[in-house]
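[1] here is my input; please provide its structure:
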Amino acid sequence: MNEVFELQYALDTFYFLVCGALVMWMAAGFSMLEAGLVRSKNTTEILTKNIALFAIACFMYLVCGYAIMYGMAGEDGLHAAVPFLAGITGDGVSDGDSYAPSADFFFQVVFVATAMSIVSGAVAERMKLWAFLAFAVVMTGFIYPMEGRWTWGGNPVFGLYELTMVDFAGSGIVHLAGAAAALAGVILLGARKGKYGKNGEVNAIPGANLPMATLGTFILWMGWFGFNGGSVLQTSTVDTANAVAVVFLNTNAAAAGGAISAMILARILFKKADLTMILNGALAGLVVITAGPDTPTPLQATIWGALGGILVVFSILALDKFKIDDPVGAISVHGTCGILGLLLVPVTNGDATFVGQIVGAVTIFVWVFVASLIVWGIIKAVMGVRVSEEEEYEGVDLAECGMEAYPEFNKAS
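    Below you'll find the predicted structure:
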């Protein structure tokens, strides 16, 4: 039996690490998607933000984030966190462990980076680089770990009440949280120059590289199998292996449903097959199914994704009506569709209730939005959050990074 246990431990640890690597690869997806949907003069800065935020997330979660989210060293349980100076070694096997604790840390830290990546695209083309990175320190080191402590960490909200929300892989805990932080930043930051006319008209600002944006979407789609599949936590038994297969199948079905419904709706509304809406439709389907990919049938998962694809189109249009400028549609994809995903869980999962899902969603949104608004406000008062009008016109690549992504192209133009 001991040999069987060791084999299961090794298989589950390896599976966890591979899924974590897939989620880490989503950082490349966010980078390519955002770089494709901004103007060429802002490409270098958006790429800089994405690689820097990933590094900051890894460092801050190691220093304090994991300990805040799952408990300080010495507490019982698999997730007993070992702070930075002591290291997270994962040596030895405790009773009840099905995989190495260090593998759990690695899997969790890439989720933190995903939440912060959502913010990056929403504030693109007009935010100061160092203001964004300052916020990333607080978001990944404190704001996200606190709401994670109340949800996946299983602790009461400020000691007042316990959440009963079911969120399998993070439609609310990761995606809604990232969108709430992004919304707070966008409100303080304001819209890009020229995005909205004096009479309320919305002026389209096309992205510079749609092939890159499409590549980014496919990378995210692939990485999502690790995001949702890894959240099964095991794969070394018949039951868990079957569960992983169901999650993979439903994740893929929801993405397909979201892309198709967004494409059809765009054709109805705009008389064209809008590629950006199709891309966001696929991502919307993925966000929706993330809350509960383990219980729907494949047909239901496709329908859930299709609902997400429809919602994201209307949400993007609605935010523009309110002059909330989100260059990549991140708030709609991860925020409104994250809420939809949470609300759909009770339809197929008897352990979830609509009241529990709503309370959980409200708790996450209020905490992250208010805390982020305060942090953004402090950063704005101390160092400012927006580049000058001249720097925005010339492009933040030169102003913030001192280099262009396509120097030969711009010279030829």
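
[2] wait, doesn't V246 sit right on I289?
    No. With contact defined as CB atoms under 8 Å, V246 does not count as touching I289 (11.4 Å). C-beta: built from backbone N, CA, C; applies to glycine.

[3] of those two, who's got more company?
    The neighbour comparison of V246 against I289 (other CB atoms under 10 Å) goes to I289, with 34 against 19.

[4] can you check what pLDDT the model gives that one?
    On pLDDT, I289 comes in at 98.

[5] for A100, same thing?
    Note on A100: pLDDT of 83.

[6] residues near it, how many?
    Other residues lying near A100 total 23 when counted by other CB under 10 Å.

[7] give me the contacts around stretch 354-371.
    Stretch 354-371 is contacted by residues 143-144, 146-147, 150-151, 157, 163-167, 172-173, 176-177, 180-181, 183-184, 338-339, 342-343, 345-346 when judged by CB atoms under 8 Å, 6 or more residues apart in numbering.

[8] mind doing that once more with 7 Å?
    Under the criterion CB atoms under 7 Å, 6 or more residues apart in numbering, residues 143, 146-147, 150-151, 157, 163-165, 167, 172-173, 176-177, 180-181, 183-184, 339, 342-343, 345-346 lie in contact with stretch 354-371.

[9] repeat for stretch 51-60
    Here stretch 51-60 makes contact (CB under 7 Å, 6+ apart) with A27, V109, V112, A113, M116, S117, S120, L133, A136, V137, T140, G141.

[10] same thing but 10 Å
    Stretch 51-60 is contacted by residues 24, 26-28, 30-31, 65-66, 84, 106, 109-117, 119-120, 129-130, 132-142, 144-145 when judged by CB atoms under 10 Å, 6 or more residues apart in numbering.

[11] and those, which of them are buried?
    Neighbour-count burial (16 or more other CB atoms under 10 Å) applied to the contacts of stretch 51-60 gives 24, 26-28, 30-31, 65-66, 106, 109-117, 119-120, 129, 132, 134-141, 144-145.

[12] just to revisit the earlier point, list the residues that contact both of V246 and I289?
    Here V246 and I289 share the contacting residues P296, A301, scored by CB under 10 Å, 6+ apart.

[13] OK, contacts around H334?
    Contacts of H334 by CB under 10 Å, 6+ apart are 114-115, 117-119, 121-122, 171, 174-180, 182, 283-284, 286-287, 290, 312, 341.

[14] can you give me the strands for the stretch 151-300 of the chain?
    Taking DSSP state E, counting those that start in this stretch, the stretch 151-300 of the chain contains no strands at all.

[15] how about V396, phi and psi?
    phi -80, psi -10 (degrees, to the nearest 10).

[16] in which helix or strand would I find the residue nearest to it when sequence neighbours are not counted?
    Closest residue in space to V396, ignoring its immediate chain neighbours: E45 at 4.5 Å, by CB to CB, 6 or more residues apart in numbering. Using DSSP states H and E, E45 falls within helix 43-60.

[17] list the buried residues for that helix?
    Quick answer for helix 43-60 (16+ other CB under 10 Å): 43-50, 52-54, 56-60.

[18] before we move on, what about stretch 307-315?
    Buried-residue list, stretch 307-315, by 16+ other CB under 10 Å: L307, G308, G309, I310, L311, V312, V313, S315.

[19] where does the stretch 51-200 of the chain have low pLDDT?
    Scanning the stretch 51-200 of the chain for pLDDT under 70 picks out 72-97.

[20] angle of the lengthiest helix in the chain against helix 43-60?
    Once the chain is assigned using DSSP state H, the helix that runs over the most residues is helix 2-37. Interaxial angle, helix 2-37 versus helix 43-60 (axes from the mean of the first three to the mean of the last three CA atoms, to 10 degrees): 150 degrees.

[21] can you map out the helices along the stretch 201-350 of the chain?
    For the stretch 201-350 of the chain, applying DSSP state H, counting those that start in this stretch gives helices covering 210-229, 238-270, 275-290, 298-321, 330, 337-348.

[22] tell me which of the ones you listed lies nearest to G197.
    With CB to CB as the criterion, G197 lies closest to helix 298-321 of the helices of the stretch 201-350 of the chain, at 11.6 Å.

[23] and the closest one, what other elements does it pack with?
    Secondary-structure packing of helix 298-321 (3 or more CB pairs under 10 Å, 6 or more residues apart in numbering; DSSP states H and E): helix 238-270, helix 275-290, helix 337-348.

[24] same list (these) but as JSON lines, adding distance to L215.
    Below are the helices and strands packed on helix 298-321 laid out as JSON lines (distance: least, CB to CB, whole Å):
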{"stretch": "helix 238-270", "distance to L215": "15"}
{"stretch": "helix 275-290", "distance to L215": "10"}
{"stretch": "helix 337-348", "distance to L215": "22"}
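
[25] just those: most buried one?
    Among the helices and strands packed on helix 298-321, helix 275-290 has the highest mean neighbour count (mean count of other CB atoms under 10 Å), at a mean of 30.

[26] can you count the residues close to I374?
    Neighbours of I374 using other CB under 10 Å come to 13.

[27] any idea which element it lies in?
    Under the criterion of DSSP H and E, I374 resides in helix 354-382.

[28] and that helix, how far from the chain's centre?
    On the basis of CA atoms, centre = their mean, to the nearest Å, helix 354-382 sits 15 Å off its chain's mean C-alpha point.
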